[in-house]
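Novice: here's my sequence, what's the structure:
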Amino acid sequence: MLQGYISRLHKQDHKLCRKFGSKSALQGTIPIASNPHHSLRFIQSLGTRSIHCTTTTSTSSISPFASSHAGTSSTAFHASRRHFSLPAHEVIGLPALSPSVEESKIVEWKKKEGDMVEADDAIASVQTDKAELDWQVTDDVYLAKILLAAGEQVPIGTPACIFVEEAQDVAAFKEYQVGATVSSAPPTPPPTTAAAAPPISSGNYPEHNVEGMPALSPTATDGAVVEWLVKEGDKVEEGTGIAEIQTDKSVVTWTSTDEAFVAKLLVPVSPDTKLAVGTPLAVFVEDVKDVSAFKDYVPGTAAAVDTSAPSSTSSGAASPPPSDTTFVSGTGPGGRVAASPYARKKARELGIALDAVGGGSGPRGRIVVDDVVAASKTSTASATGTVTETASAGSSGKIAMPTASFVSDRSYEDIAVSAMREIIGKRLSESKFSAPHFYVTMECEMDSLLRARQEMNADEDIKISVNDFVIKACAAALRATPDCNVSWVVDKTQAQKPKTILRKFNYVDISVAVATPSGLITPIIKDADRKSLSEISGEMKELANRAKLNKLAPDEFQGGTFTISNMGMYGVTNFTAIINPPQSCILAVGGAKQRLVPDAKAPNGFRTATMMQVTLSSDHRAVDGAVAAQW
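Specialist: Numbering: from 1, shown residues only. So this is what the prediction gives:
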């Protein structure tokens with residue numbers, strides 16, 4: 001899968017040697033990779049050497065994969081410094097918690113040296129260019145050393161702290177300094193196995209490929225593992241689904257492009273944990289007998305030469321706490337409630353405090369989502385019983401004024417924004433602020449359409465909705481008025497002077513807004529003007545169902561030439577919609593209502609009619625008012 005990429009890395013070895021230093025100089029501190037399939041480890045070592053040698057303040061990540069502790073930006077990863085006289089560790093750079101940030105500062109460290117940091121814990125508050133945000137980690141680790149003092153404004157990527165996986169390794173970093181080698185043994189020596197190990201060589205593991213987080217959407221910069229479709233030891237063939245990945249738009253299946261065996265899954269399932277594109281996800285091997293060699297594999301390290309003693313840690317993505325840590329009733333170190341990320345999310349949605357859930361049913365008392373749901377049902381039943389008891393007591397005695405019951409609750413809850421919600425907000429803000437919207441509203445009499453619909457649905461298996469008629473009518477109107485079937489496009493291929501063009505489409509693809517639990521998505525009815533009502537109805541139902549399950553393929557919701565947003569089923573009479581960029585028009589459809597309308601032919605001068613209001617929002621840069629009215 002990554003064979004071609006690894007081969008290209010191997011071909012660049014000599015160029016990298018010339019770039020970062022002479023061969024003799026590099027041999028002094030860095031073991032040269034002899035195995036072409038471990039060029040990744042070799043290049044990380046070269047990156048480490050270059051950071052020690054350079055005197056400039058700007059750094060770049062040599063590794064093609066970002067650290068799992070690096071936040072949301074790959075530039076926040078600081079190349080792991082491997083001092084071979086120190087235990088295995090990672091030097092973590094200050095993360096970019098805002099897309100436009102170049103410098104940040106630590107406002108407050110929330111953990112101290114030696115503390116265990118669990119997944120999703122905040123280790124510090126970071127001041128970006130826009131707000132103060134919590135810096136969270138994604139693995140269970142120990143904070144060995146704080147390298148960056150609070151209040152110091154520094155560039156993104158500046159070394160901020162050191163993580164280790166074992167508590168006994170913390171003491172080895174007491175006198176650690178960035179860029180300096182260890183001149184003497186630390187007060188507490190590292191474990192015997194680490195001290196006796198030979199220099200790390202990338203040739204200890206069998207031939208393998210490390211697959212990173214794929215970019216399954218053209219605009220994706222990160223993703224989250226929603227579900228693993230394979231387990232360690234499984235064989236995958238070309239086209240086999242490996243995992244369900246949450247992109248910035250929907251859940252997409254990550255499929256294999258070659259035959260291989262799954263040797264190691266490096267990250268756990270966590271729909272709320274966003275990993276940068278390229279972050280290592282899994283290890284693949286070509287021979288099934290090599291799978292067992294990766295039982296304790298951690299990205300960026302090599303297998304221990306001494307295999308007589310079993311490893312004390314699992315993979316970095318699923319690293320459990322040390323064996324002497326005990327979880328009682330779902331409580332972790334420092335009194336923190338131990339719960340899975342999905343359980344935390346569900347608790348926020350249901351308004352349940354985790355410390356009120358009680359003992360968890362997960363490993364070592366960890367609270368899982370079933371525990372939260374059960375606690376929610378118990379809480380609801382208790383609240384109902386309390387209300388009934390209070391009502392009964394009040395009816396048997398004198399009526400008392402309920403004073404305490406009216407104390408207002410002024411608390412609030414901060415809910416993390418999903419990747420999909422974040423991209424929706426960004427795109428619609430850009431549309432509203434950059435596209436000059438204007439609106440054209442009219443009323444449509446629906447009685448004839450409703451009678452025709454009733455007759456068609458009487459003999460058909462596929463039941464046609466009013467929305468299906470609206471889709472077909474919009475498609476026909478776009479074919480008759482092609483000047484509305486356009487997009488305002490800025491051609492950025494010309495870097496010196498971007499060129500603005502008006503793109504007129506020769507096809508009609510209708511995007512239809514569908515509400516899902518994670519946000520709004522617009523599946524597309526392609527060539528809607530050429531399809532029958534029954535075809536549109538069947539295709540729309542199938543797309544809407546898969547949209548609500550986050551199962552749409554990228555080409556099924558990206559694109560489109562015109563959008564329809566229908567809120568009539570919610571009792572809305574009329575509204576205005578925001579244009580879906582880069583389109584130029586969107587139709588807002590209200591509900592059909594019966595009302596009296598003038599009628600000269602009626603005996604009393606009026607009659608009852610079913611009316612529906614529709615409002616067309618247009619981008620005035622591309623569509624003129626007269627054209628919108630004609631449409």
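Novice: now do stretch 217-226: everything it contacts.
Specialist: Stretch 217-226 is contacted from outside by 72, 213-216, 243-249, 251-252, 267-277, 281, 419, 423, 550, 554, 558, using C-beta atoms under 8 Å, 6 or more residues apart in numbering. C-beta: built from backbone N, CA, C; applies to glycine.
Novice: give me that answer again for 7 Å
Specialist: Stretch 217-226 is contacted from outside by 72, 213, 216, 243-249, 251, 267, 269-277, 281, 419, 554, using C-beta atoms under 7 Å, 6 or more residues apart in numbering.
Novice: sitting in helices, which of those do you find?
Specialist: Secondary structure from DSSP state H places Ala419 of the contacts of stretch 217-226 in helices.
Novice: quick one, which of the contacts of stretch 217-226 are buried?
Specialist: 72, 213, 216, 243-249, 251, 267, 269-277, 281, 419, 554 (16 or more other C-beta atoms under 10 Å).
Novice: which ones among those map onto strands?
Specialist: Judged by DSSP state E, the subset of these located in strands is 243-246, 251, 275-276, 281.
Novice: hmm, Val508 and Val486 touching each other?
Specialist: No. In this structure, Val486 is not within contact of Val508 by C-beta atoms under 7 Å, at 11.8 Å.
Novice: quick one: low-confidence parts of the stretch 1-150 of the chain?
Specialist: Applying pLDDT under 70 to the stretch 1-150 of the chain flags the ranges 1-85, 98-100, 129-130.
Novice: can you point out the buried residues in stretch 370-380?
Specialist: 371-373, 375-376, 379.
Novice: what is the nearest of those to Lys492?
Specialist: Of all the buried residues of stretch 370-380, Lys492 sits closest to Val372, with 46.2 Å by C-beta to C-beta.
Novice: and the gap between the closest one and Arg348?
Specialist: In this view, Val372 and Arg348 are 10 Å apart by C-beta to C-beta, to the nearest Å.
Novice: thinking again about what came up before, make CSV from the buried residues of stretch 370-380 and add secondary structure and distance to Phe261 to it.
Specialist: What follows is those, written out as CSV (DSSP: H, G, I helix; E, B strand; the rest coil; distance: C-beta to C-beta, whole Å):
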residue, secondary structure, distance to Phe261
Asp371, helix, 35
Val372, helix, 36
Val373, helix, 37
Ala375, helix, 41
Ser376, helix, 42
Ser379, helix, 46
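Novice: of those, which one scores lowest on pLDDT?
Specialist: pLDDT across these is lowest for Ser379, at 65.
Novice: now the buried residues of stretch 370-380 in TSV, with distance to Leu533?
Specialist: Below are these laid out as TSV (distance: C-beta to C-beta, whole Å):
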residue	distance to Leu533
Asp371	48
Val372	45
Val373	42
Ala375	48
Ser376	43
Ser379	48
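Novice: tell me the one of those residues nearest Ala171?
Specialist: Asp371 (36.9 Å).
Novice: the closest one contacts Val357, doesn't it?
Specialist: Yes. Using C-beta under 7 Å, Asp371 is in contact with Val357, at 5.3 Å.
Novice: still on that earlier bit, for the buried residues of stretch 370-380, which one is nearest Ala544?
Specialist: Distances from Ala544 to the buried residues of stretch 370-380, taken by C-beta to C-beta, are shortest for Val373, at 26.7 Å.
Novice: what's across from the residue nearest to Pro582 when sequence neighbours are not counted in the sheet?
Specialist: Excluding the flanking residues, the one nearest Pro582 by C-beta to C-beta, 6 or more residues apart in numbering is Ser487, at 4.5 Å. On the basis of DSSP bridges, Ser487 is bridged to Arg503, Gln583.
Novice: just checking, Ser487 touches Ser584?
Specialist: Yes. With contacts counted by C-beta under 7 Å, Ser487 reaches Ser584, the gap being 5.9 Å.
Novice: neighbour count winner among these two?
Specialist: Ser584 (26 against 19; other C-beta atoms under 10 Å).
Novice: can you give me the pLDDT of the more buried one?
Specialist: For Ser584, the predicted pLDDT is 92.
Novice: that one: what's it in contact with?
Specialist: Neighbours of Ser584 in contact, by C-beta under 7 Å, 6+ apart: 486-488, 618-619, 622-623.
Novice: quick check: PyMOL command selecting the buried ones in the residues you listed.
Specialist: Selection of the buried residues among the contacts of Ser584 in PyMOL, burial being defined by 16+ other C-beta under 10 Å:
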select buried, resi 486+487+488+618+619+622+623
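Novice: ok, the contacts of Ser584 vs Glu166, which is closest?
Specialist: Using C-beta to C-beta, the contacts of Ser584 come closest to Glu166 at Ser487, 56.2 Å.
Novice: show me where the stretch 201-350 of the chain has strands.
Specialist: Applying DSSP state E, counting those that start in this stretch to the stretch 201-350 of the chain gives strands spanning 209-212, 222-228, 235-236, 241-246, 251-255, 260-265, 275-276, 280-285.
Novice: one more: the stretch 351-500 of the chain?
Specialist: So, for the stretch 351-500 of the chain - with DSSP E, counting those that start in this stretch - the strands run 437-445, 486-491, 499-504.
Novice: below-threshold pLDDT in the stretch 351-500 of the chain: ranges please.
Specialist: Along the stretch 351-500 of the chain, the parts satisfying pLDDT under 70 run over 363-364, 379-408, 493-496.
Novice: change it to 50
Specialist: 387-391, 393-396, 404-405 (pLDDT under 50).
Novice: same thing with the stretch 201-350 of the chain?
Specialist: Scanning the stretch 201-350 of the chain for pLDDT under 50 picks out the ranges 201-203, 304-334.
Novice: if we go to 80?
Specialist: 201-204, 216-220, 248-250, 299-345 (pLDDT under 80).
Novice: mind checking which of the strands of the stretch 201-350 of the chain is nearest Ala144?
Specialist: Short answer: strand 280-285, nearest of the strands of the stretch 201-350 of the chain by C-beta to C-beta, at 21.7 Å.
Novice: just checking, what packs against that closest one?
Specialist: Here strand 280-285 touches strand 209-212, strand 260-265, going by 3 or more C-beta pairs under 7 Å, 6 or more residues apart in numbering; DSSP states H and E.
Novice: redo that, cut-off 8 Å
Specialist: Under the contact definition 3 or more C-beta pairs under 8 Å, 6 or more residues apart in numbering; DSSP states H and E, strand 280-285 sits against strand 209-212, strand 241-246, strand 260-265.
Novice: any idea which of those is most buried?
Specialist: Neighbour counts (mean count of other C-beta atoms under 10 Å) averaged over each of the helices and strands packed on strand 280-285 peak at strand 260-265, with a mean of 24.
Novice: what is the burial count for Leu552?
Specialist: Residues near Leu552, counting by other C-beta under 10 Å: 24.
Novice: I'd say it and Thr522 touch.
Specialist: No. Contact between Leu552 and Thr522 fails when scored by C-beta atoms under 8 Å: they sit 9.7 Å apart.
Novice: so Ala119 is in which element?
Specialist: With secondary structure defined by DSSP states H and E, Ala119 is part of neither a helix nor a strand.
Novice: gap between it and Ser270?
Specialist: Distance from Ala119 to Ser270, counting by C-beta to C-beta: 8 Å.
Novice: ok, now Leu502?
Specialist: 44 Å.
Novice: now render the ones in strands among the buried ones among the contacts of stretch 217-226 as CSV, adding distance to Phe575.
Specialist: Listed next are these as CSV, based on distance: C-beta to C-beta, whole Å:
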residue, distance to Phe575
Ala243, 39
Glu244, 34
Ile245, 34
Gln246, 29
Val251, 29
Leu275, 37
Ala276, 38
Leu281, 42
